[in-house]
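A.B. asks: predicted structure and sequence below. I'll ask about it afterward.
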Protein chains: 2
Amino acid sequence: MRIIVVGGAGTIGTAVVELLSARHDVVVAGRQSGDVQVDISSRDSVRSMYRRIGSFDALACAAGEAHFGPFETVTEEELALGVHSKLLGQMRLVLLGRSLISEGGSFTLISGYILDDPIPEATSFAVANGGVEGFVRAAALSLERRVRINAVSPGMAQDSYEQFGPFNPGRAPVPMLEIASAFQRSIEGWRTGEIIRAW
Amino acid sequence: MRIIVVGGAGTIGTAVVELLSARHDVVVAGRQSGDVQVDISSRDSVRSMYRRIGSFDALACAAGEAHFGPFETVTEEELALGVHSKLLGQMRLVLLGRSLISEGGSFTLISGYILDDPIPEATSFAVANGGVEGFVRAAALSLERRVRINAVSPGMAQDSYEQFGPFNPGRAPVPMLEIASAFQRSIEGWRTGEIIRAW
């Protein structure tokens, strides 16, 4: 399969690319690095990515920003970062790519454990993740030509544990291979409209 | 208690106002009708509403738009309506009202069954509802002065059944009193960070 991994140079994306590359033709899309540059918060940039890549069989997204910081002083703009980047950016990948993806192809978006087990600093992530999961469940009902869509909800990634572990007391790190494997199950499997948890 | 009901002239808001008015001092806020005018998609409008109302003990929201229409032809802008109105609008009510609400007060937002049991036409609602539920769970961890926050997730409202029933095969209508009572449980009860289902 020809698979686009958006955010393929990030913490989780790197693991996804490593796992999938052994079996597939992987195109890494990233903001600054990778084979093709893309900023998912920009419609023109997403359109241009699809134009440059041409045909593809699957897209996995491990990209999307949200705000991390104390809730007491958070502003509307800060909270909305997750909505504009991680939520609307990922929806944009699907809306602009749905007519281009191969018949029977799949989109795999990224949500996260913060929706189910929030911490105060990551309210912006909880909002974005909730929206992503709602989108995936609903969009799966309507995608044509047997195109599937799922979201992977990673736990605390092992490679982020040093940075974010202290904010999440009692949350054990999840091996990168376990998270990458959840993307593989979505891409090579049969499910659609599902939230695939890696935690 | 002095309770603001945003969207108090709408289908669900009317039922909420009717139930609460017997026991509380209710201020109805609406886009065109009610005691005070407010458009939750505008920050200035929300600020002005709070200025006009002054002190309050609880806010219940039954307002917020989202797009309803076929997924196959839906645009980014249409899908984003739910995000900008129902999701960010309700978050705005909390962010701008959190320093003004009485100690021990409560915010009750509105989500909906479409998140859990989506239909193709209502993808924009599923996205907004997912975001609202993520926000409520996370914000509850951090609100100060014992302020609580919940979301009511109404099922198919009896008074909307004639209009929306045909799009939801097999979904039974929920009596308006059952939906209004969920708001009452949030406001007069003790729970916080919860999704209170009325279906």
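C.D. replies: Looks like it came in fine. Nothing here was measured: the structure is a model prediction, and the numbers come from that model.
A.B. asks: neighbours of A:Gly64, how many?
C.D. replies: By the criterion of other C-beta atoms under 10 Å in any protein chain shown, A:Gly64 has 28 neighbours. C-beta here means a position set from N, CA and C on the backbone, and glycine is covered the same way.
A.B. asks: wasn't it part of a helix?
C.D. replies: No. Using DSSP: H, G, I helix; E, B strand; the rest coil, the secondary structure at A:Gly64 is coil, not a helix.
A.B. asks: what residues are up against the closest residue to it other than its chain neighbours?
C.D. replies: With sequence-adjacent residues excluded and distances taken as C-beta to C-beta, 6 or more residues apart in numbering or on different chains, A:Gly64 is closest to A:Lys86, at 3.0 Å. Counting by C-beta atoms under 8 Å, 6 or more residues apart in numbering or on different chains, A:Lys86 touches A:64-66, A:110, A:125, A:128-129, A:132.
A.B. asks: switch to 6 Å and redo it
C.D. replies: The contact partners of A:Lys86, by C-beta atoms under 6 Å, 6 or more residues apart in numbering or on different chains, come to A:64, A:66, A:128.
A.B. asks: check A:Gly130 too.
C.D. replies: By C-beta under 6 Å, 6+ apart, the residues touching A:Gly130 are A:115, B:130-131, B:133-134.
A.B. asks: let's go with 8 Å and repeat that
C.D. replies: Here A:Gly130 is in contact with A:115, B:129-135 (criterion: C-beta under 8 Å, 6+ apart).
A.B. asks: ditto for A:Ala151
C.D. replies: Here A:Ala151 is in contact with A:108-111, A:132-133, A:136, A:194-196 (C-beta under 8 Å, 6+ apart).
A.B. asks: avg pLDDT for stretch A:2-13?
C.D. replies: The pLDDT scores in stretch A:2-13 average 98.
A.B. asks: quick one: buried residues of that stretch?
C.D. replies: A:2-13 (16 or more other C-beta atoms under 10 Å in any protein chain shown).
A.B. asks: among these, which pair sits farthest apart?
C.D. replies: Pairwise distances among the buried residues of stretch A:2-13 were taken by C-beta to C-beta; the largest, 23.7 Å, belongs to A:Arg2 and A:Thr11.
A.B. asks: A helix includes the residue nearest to A:Gly64, no?
C.D. replies: Yes. A:Lys86: assigned to a helix according to three-state DSSP.
A.B. asks: residues contacting the closest residue to A:Leu115 other than its chain neighbours?
C.D. replies: The spatial neighbour of A:Leu115 that comes closest, neighbours along the chain excluded (C-beta to C-beta, 6+ apart), is A:Asn129 at 3.8 Å. Counting by C-beta under 8 Å, 6+ apart, A:Asn129 touches A:86, A:111-112, A:114-115, A:153, B:130, B:134.
A.B. asks: could you rerun that using 6 Å?
C.D. replies: Going by C-beta under 6 Å, 6+ apart, A:Asn129 touches A:111-112, A:114-115, B:134.
A.B. asks: hang on, the earlier thing: from the contacts of A:Ala151, which land in helices?
C.D. replies: Here DSSP state H is the test, and the contacts of A:Ala151 give A:132-133, A:136 as lying in helices.
A.B. asks: which one of the residues you listed is nearest B:Gln184?
C.D. replies: Using C-beta to C-beta, A:Glu133 comes nearest to B:Gln184 of the ones in helices among the contacts of A:Ala151, at 28.4 Å.
A.B. asks: burial check on the closest one, number of neighbours?
C.D. replies: 26.
A.B. asks: ok, it touching A:Glu194?
C.D. replies: No. If you go by C-beta atoms under 6 Å, A:Glu133 and A:Glu194 don't touch, sitting 9.8 Å apart.
A.B. asks: please name the bridge partners of A:Ile149.
C.D. replies: On the basis of DSSP bridges, A:Ile149 is bridged to A:Phe107.
A.B. asks: got the contact list for it?
C.D. replies: Contacts for A:Ile149 (C-beta under 6 Å, 6+ apart) come out as A:107, A:136, A:139-140.
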